[in-house]
Structures are given as C-alpha cells and as structure tokens.
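1. how would this look folded up:
(one chain, ligands or ions: 1)
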Amino acid sequence: MSQSVSDSTSNRTTSLELRAHGLEIWRGETCLFHDFSLNLQAGETVWLRGPNGIGKTTLMRVLLGLSHPEAGEISWCGRSREVDLEAFRREVAWLGHQTGIRGELTPRENLAAWQPLMGHSSECSLTDALSAVGLSQRADQPCQTLSAGQNRRVAMARLLMDGARLWFLDEPLTSLDAQGQDLIGQLVASHRAAGGAALVSSHQPLPASAGTARILSLDEAVAT
Ligand SMILES: Nc1ncnc2c1ncn2[C@@H]1O[C@H](COP(=O)(O)OP(=O)(O)OP(=O)(O)O)[C@@H](O)[C@H]1O
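-> Numbers count the residues shown, from 1 in each chain. Model prediction:
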C-alpha cells in the first residue's frame, strides 16, 4: 500500500492509488460483478474492456461513489474512500455518455461555466484547452451547431482544464473519427506522463497513441 504524503500547497495527497477489492454489484435481478478487484496507480491506464451492457458504466459510478456496491471495499491513497468522499471526487474528472454540454452556449462559454465547478484548476487555460482539442476555430459557435464528435472534443477540453489526477473516461471514442480517437489517445498518454491515471471503458481497442494500457476484460471478470 502506498504512503500518502501531504502537499502543503494544494492540500492534496501526492500519492495516487485507487483500489477496489471484493466488489459485488447487482442491478435489478442480475449480479454484474462478484468478488471484483481493481488497482489503479499514478502513471497507469486501465482499459475496462467489454461489450455493451456488461457493466462498465455501473462500475465507474460505483467507484466514483454515485452508487453503492452490495459488498466490497474501495480505498483511495491507502484510506477508505468514504473517509473524505468529496475530496476523492474532486480528484476525479469523469467523461460519461452525457457530456453536460449546453447546446445554446459556445464551447468557450460552456468551458467558462464549468470552470468554477472544477475541483482543482490545471495549468491549461481555456484557450489552450480549445486549441489542444482542435476547436479554436469553432470556439464561439453554439454547440448545438457542432457535430457529435466536435461536442466530444469540447468535453475533452474540460478534462484538460480540470486539474483532476484521475480520469474516468466512459466510452470516450464514441462519435470520434480516427483523428479524434488518436487525439484522445495522445491526451491520455500526456496525462499519464504527468503523473495522472486513467480508467477508460471501451468496447473497441484504444488508439495506439494512448500508449501502454493494462487491460481488464470484464467479460472474464464478471459473475458467472
Ligand atoms: N437501474 C438499473 N436497473 C436495472 N438494470 C440496470 C440498471 N442500470 C443498469 N442496468 C443494467 O445493468 C447492465 C450494465 O449496464 P451498464 O450501463 O453499466 O453497461 P455498459 O457496459 O456501460 O454498457 P455500454 O457499453 O452500452 O455503455 C445492463 O444490462 C443494464 O441494463
């Protein structure tokens, strides 16, 4: 178990380790996970691989504390995640199926509206984030006039501005062309290189640009 050290400038722990042990998760009459364990540390990408409906979103929601497992323990930096659930959540940036983008607002306005809600601010400015996802030319156009893939890029720009060290990306490749998928891979690799970690769910292979990822095949891990 890693040691937690306090960072006096940001009041964060400098270690990064998410552990889940012995999780049992039911939805309705179905046991999705039985005795499931996961370990994610700084500099790692874990790819949750599995077909539609296997339980990837459900697992991410449980890890984030948005719903509860029937059994099992989840720890963050060596302590129960429940000790300070809010502090844990501030360390997580979640890109889910619903991006939370307001269509009547532009990418710039959406990002500005999200900014005060971010747990920690990164060194990446709003302008830099838009540029990094290739949206500088579309920054002032209402999001409802952008394509699905362009809106995914707006959501990715939010991750770059958010200083969260742990990324939960739920099917981030959806709606993206090959160039967009490659970009997601690059962003994940950069995040990892900067000491962050990413949990990425996808039913399709991660782009090569994402670099090394530890594969967790859910169809082998789920309850039988
Ligand atoms: N509230 C609920 N009540 C009953 N069943 C549920 C509930 N939420 C999810 N499920 C079921 O749990 C299973 C897992 O759903 P989940 O959304 O986690 O899958 P997924 O692997 O993320 O799928 P996808 O790849 O399509 O996003 C599905 O069969 C779904 O129908």
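2. what's near enough to touch the residue nearest to Val154 when sequence neighbours are not counted?
-> Excluding the flanking residues, the one nearest Val154 by CB to CB, 6 or more residues apart in numbering is Pro107, at 4.6 Å. Using the backbone N, CA and C atoms, a C-beta is placed for each residue, glycine as well. Shown in contact with Pro107 (CB atoms under 8 Å, 6 or more residues apart in numbering): Leu130, Leu135, Arg138, Ala139, Asp140, Gln141, Cys143, Leu146, Val154, Ala157.
3. what's the closest of these to the ligand?
-> Closest to the ligand out of the contacts of Pro107 is Val154 (20.4 Å), distances taken as CB to the nearest ligand atom.
4. for the closest one, report the pLDDT, please.
-> We have a pLDDT of 95 for Val154.
5. so it is in which element?
-> Here Val154 is covered by helix 148-161, with elements defined by DSSP states H and E.
6. for Leu16, what are phi and psi?
-> For Leu16, the backbone dihedrals (degrees, to the nearest 10) come out as phi -140, psi 110.
7. check the gap between it and the ligand for me.
-> 24 Å (CB to the nearest ligand atom, to the nearest Å).
8. in this structure that residue contacts Phe88, no?
-> No: using CB atoms under 8 Å, Leu16 makes no contact with Phe88, being 11.1 Å away.
9. what's the distance between the residue nearest the centre of the chain and the ligand?
-> What sits nearest the mean C-alpha location of the chain, by CA atoms, centre = their mean, is Phe168, with 1.6 Å. Using CB to the nearest ligand atom, Phe168 is found at 12 Å from the ligand.
10. how about the secondary structure of that residue?
-> State at Phe168, reduced to three classes by DSSP: H, G, I helix; E, B strand; the rest coil: strand.
11. same question for the one 4 residues further on.
-> Taking three-state DSSP as the rule, one finds Pro172 in the coil state.
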